[in-house]
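K.L.:
pasting the sequence and the predicted model now:
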Amino acid sequence: MEVLAHTQRVSLASFGNTAAGNLRRPVFVPRSQFCSGSQLFESAVGRQVLTASTSKRGDAYILRCQGSNGATAAPWAKKDARLVLEDGSVWEGRAFGQQGTALAEVVFNTSLTGYQEILTDPSYKGQFVVFTHPHIGNVGINFGDMESERCHLGGIIIRDLSASVSNYRSTKTLDAYLKEQGVLGIADVDTRAITRRLRDTGALNGVITTDLSTPAEELVQQTKSWSILGKDLISEVTCSEPYEWKDTTEHEWEFNPAVLTKGELFHVVAYDFGIKHNILRRLASFGCRLTVVPADYPASKVLEMNPDGIFLSNGPGDPSAVPYAVENVKQVIGKKPVFGICMGHQLLGQAFGGETFKLKFGHHGGNHPIRFGPTSRIEISAQNHNYAVNPATLPDDVEVTHINLNDGTCAGLLCKPKKAMSIQYHPEASPGPHDADVCFEQFIDMLKAERAGAVQAAVAA
Ligand SMILES: NC(=O)CC[C@H](N)C(=O)O
């Protein structure tokens, strides 16, 4: 028997004399899963055990598989899950992760890397993510890249689930992790076609199910029975008690060492609307001591802590569904320097008196161009949002500093008199490009100016 190298390509030129016919798609057979003769072969989906034999014809390896029941089987051809969209379309695919039925809003993410950060970003609560990158699961799961303690999205929709995992940090497969987290996955669906549909229709509700008995019409009705609009999802993901955050970016992953400070310079209180760990790590790396507080923590108690600055985090759902959070923001602006990211930006916009609105299909990916008005600098940014601030509704003292160059929407605000700034996207870049890390520097500059101003005022008095 010839043993295949770990990622050697196996061309399945023939698939035995099976009813499934020729399997044209080449697959990678990891060494650990490969054997021949009467030995057992763990299939690509990890659920069927097949007997496999191999022979070599020309330079192609021929793999003949038989299911354990004796019937010839092609597990990757099996359709045992459905995605049903609100527009009535039904997409049959292969289940992985949790079995069952879930309902959520479907959005697509165009990032090429970072599925794990996306899975654990609390801002995806109430959503299914379609990954446009076709191959997902190849680097498995490691516990250093988590953006929070668990998965928050309702399910994932992918083209191809990697048959093998290859990464020195990985401790688990994506399939096993999703099972553990109770998150549904559907693979082998045409993610390109689904994405084009969402671009045409706008974000749609969807049901993912492994229940093959419920008629599609009934599932379409389910999709229409729910709306993400007006739902307070922040209360489901925020922390329950205030806590101190200490972790900085690990030395190995630091991408901006020049600006890092030694020791703590400022105390920042962060409102947790569904905060991503890398935002906290970046702020800590820039010299902030961080106290994280729940979304409904009274502003008066935050101000009692007398922090140098206040941070407003990212978070899931509709910014108009959380008036209590807007109220807190209203009470802190003008009193301390404030920095908001994504949901934090939208809540700040509302606290200024502005309005937010829902975009057609939102921005979710790692390549969105942004122009910073004051210098015309262009940043390539990571984004994940479905709502935006309407600049026409903002008061005159609020400046739109950043513009999304794809559609001209407002991507950043500055109110000098109230010492508040915000951006609609993700400078923590997890996953994504690091261009916007400079926003953390701008916030630190604001904190420095505030402290210098306080010192000057004390001297003058
Ligand atoms: N990442 C976020 O904070 C998302 C904000 C908000 N839930 C939106 O979709 O626009």
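P.N.:
Happy to help now that I have it. Numbers count the residues shown, from 1 in each chain.
K.L.:
from now on I want contacts and neighbour counts done on CA atoms only, so please keep to that.
P.N.:
Will do.
K.L.:
spell out which residues of the stretch 301-450 of the chain are next to the ligand.
P.N.:
314, 315, 316, 317, 318, 342, 343, 384, 385, 386, 387 (Cα under 6 Å from any ligand atom).
K.L.:
next up, phi/psi of the fifth one, please.
P.N.:
Pointing back at residue 318 there. phi -90, psi 120 (degrees, to the nearest 10).
K.L.:
same question for the one 5 residues further on.
P.N.:
The main-chain torsion angles of residue 323 are listed as degrees, to the nearest 10 and equal phi -60, psi -30.
K.L.:
quick one: it and residue 348, what's the gap?
P.N.:
12 Å (Cα to Cα, to the nearest Å).
K.L.:
and residue 288, by the same measure?
P.N.:
Residue 288 is 21 Å from residue 348, by Cα to Cα.
K.L.:
now do residue 265
P.N.:
Distance of residue 265 to residue 348, given as Cα to Cα: 25 Å.
K.L.:
re earlier: ok, residue 288 and residue 348, which is more surrounded?
P.N.:
Using other Cα atoms under 10 Å, the more surrounded residue of residue 288 and residue 348 is residue 348, with 31 against 25.
K.L.:
and after the helix or strand hosting the more buried one, which helix or strand comes next?
P.N.:
Element membership of residue 348, judged by DSSP states H and E, is helix 343-351. Going down the chain from helix 343-351, the next helix or strand is strand 355-372, by DSSP H and E.
K.L.:
for that following strand, list the C-alpha coordinates in CSV.
P.N.:
Taking C-alpha atoms only, strand 355-372 is exported to CSV below (Å, rounded to 0.1, in the frame of the first residue of the first chain):
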residue,chain,number,x,y,z
GLU,A,355,-31.2,58.6,13.6
THR,A,356,-30.0,55.2,12.5
PHE,A,357,-31.4,53.2,9.6
LYS,A,358,-31.1,49.7,8.2
LEU,A,359,-28.8,49.1,5.2
LYS,A,360,-30.0,46.8,2.4
PHE,A,361,-27.6,44.0,3.2
GLY,A,362,-25.0,45.6,5.4
HIS,A,363,-21.2,45.5,5.4
HIS,A,364,-19.6,42.3,6.5
GLY,A,365,-16.0,41.6,5.4
GLY,A,366,-12.4,42.6,5.5
ASN,A,367,-11.8,44.8,2.5
HIS,A,368,-14.0,47.9,2.9
PRO,A,369,-12.4,51.2,1.8
ILE,A,370,-12.8,54.1,4.2
ARG,A,371,-11.7,57.7,3.7
PHE,A,372,-10.7,59.7,6.8
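K.L.:
now it, how far from the centre of its chain.
P.N.:
Computed by Cα atoms, centre = their mean, to the nearest Å, the chain-centroid distance of strand 355-372 equals 14 Å.
K.L.:
partners of that strand, with directions?
P.N.:
strand 377-390 (antiparallel), strand 399-404 (antiparallel) (DSSP bridges).
K.L.:
in the first one, what's buried?
P.N.:
Buried residues in strand 377-390, defined by neighbour count with 16 or more other Cα atoms under 10 Å: 378-390.
K.L.:
with just CA atoms, put it into PDB.
P.N.:
Presented in PDB, the C-alpha positions along strand 377-390 are these (Å, rounded to 0.1, in the frame of the first residue of the first chain):
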ATOM      1  CA  ARG A 377      -6.100  59.000   4.200                       C
ATOM      2  CA  ILE A 378      -7.700  55.700   2.900                       C
ATOM      3  CA  GLU A 379      -8.000  52.700   5.200                       C
ATOM      4  CA  ILE A 380      -8.900  49.200   4.200                       C
ATOM      5  CA  SER A 381     -11.100  48.100   7.000                       C
ATOM      6  CA  ALA A 382     -12.900  45.100   8.600                       C
ATOM      7  CA  GLN A 383     -16.700  45.700   8.900                       C
ATOM      8  CA  ASN A 384     -19.700  44.000  10.400                       C
ATOM      9  CA  HIS A 385     -22.900  46.000  10.600                       C
ATOM     10  CA  ASN A 386     -26.400  46.200   9.100                       C
ATOM     11  CA  TYR A 387     -27.400  49.700  10.300                       C
ATOM     12  CA  ALA A 388     -25.900  53.100   9.800                       C
ATOM     13  CA  VAL A 389     -26.200  56.700  11.200                       C
ATOM     14  CA  ASN A 390     -28.000  59.100   8.900                       C
END
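K.L.:
lovely, talk soon.
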